[in-house]
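**Student:** need a structure here:
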Amino acid sequence: MSNRILSYRALLAHGAQDRILLSTKKGEIGYRIIKFQLLPDDSGGHAAESTVKVYKTEQAAVSNIVDFSDNRLLAAGYISNHTSGYIYPPRDQIIFENEIFNQDIFVTHYDRSGDAPCNYYIELERIKLSEHDSMVTTLKDIRNND
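**Tutor:** Prediction:
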């Protein structure tokens, strides 16, 4: 099996969380985020300050706080959407590309200035894992649940 690219996209409401189903029975397939992009649903149509994060585990609460020391965090992005056309929106997306996972991932969205939704686009590289790598990755992901 050669590595291939899978893509996921959605419009995520303020305070919402999406689950991307990736886990397999034996955990023999690993994934790595290679692209992560955000786009407002209505550019310039309403003010929004969206923080979108990708986690290895389901989140009990959705917020705009980003903590790079959280070992469950795979990627984080921020985009600002202004109603004034002359203000260019700042954009930042950061991916921890060395993180390989073999379980489901969770995408959260929080709009600090209102309740606008935000689009996200994620590309994952699919990687065949050896039995040893599969075991190590699964154990690492299980420990992230604590």
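
**Student:** okay, which residue is most central for this protein?
**Tutor:** V54 (2.5 Å; C-alpha atoms, centre = their mean).

**Student:** Just the helices from this structure, written as ranges.
**Tutor:** If DSSP state H is used as the criterion, the helices of the chain fall at 131-143.

**Student:** Show me the shaky parts of it.
**Tutor:** Within the chain, the set of residues satisfying pLDDT under 70 comprises 1-2, 44-45, 83-91, 139-146.

**Student:** phi, psi of S130?
**Tutor:** Comment: the main-chain dihedrals of S130 come out as phi -70, psi 170, following degrees, to the nearest 10.

**Student:** could we number from 6 for the rest of this?
**Tutor:** With the count now opening at 6, the last piece we talked about shows up as S135.

**Student:** OK, contacts around it?
**Tutor:** S135 makes contact with no residue, according to C-beta atoms under 8 Å, 6 or more residues apart in numbering. Any C-beta I mention is one placed from the backbone N, CA and C, and that applies to glycine too.

**Student:** From E33, how far out is it?
**Tutor:** To E33, S135 is 9 Å away according to C-beta to C-beta, to the nearest Å.

**Student:** coming back round to it: run a quick check on the residue nearest to the centre of the chain versus A80, I expect a contact.
**Tutor:** Yes: counting by C-beta atoms under 8 Å, V59 touches A80, with 4.2 Å between them.

**Student:** Identify the contacts common to the two.
**Tutor:** Common neighbours of V59 and A80 (C-beta under 8 Å, 6+ apart) are I38, F41, I127.

**Student:** bridging residues for R37?
**Tutor:** E130 (DSSP bridges).

**Student:** since we're on it, how many residues are nearby?
**Tutor:** Other residues near R37 number 18, with proximity taken as other C-beta atoms under 10 Å.

**Student:** any idea how far it is from Y115?
**Tutor:** Here R37 is placed at a distance of 25 Å from Y115 (C-beta to C-beta).

**Student:** same deal with A65?
**Tutor:** Taken as C-beta to C-beta, the span from A65 to Y115 is 14 Å.
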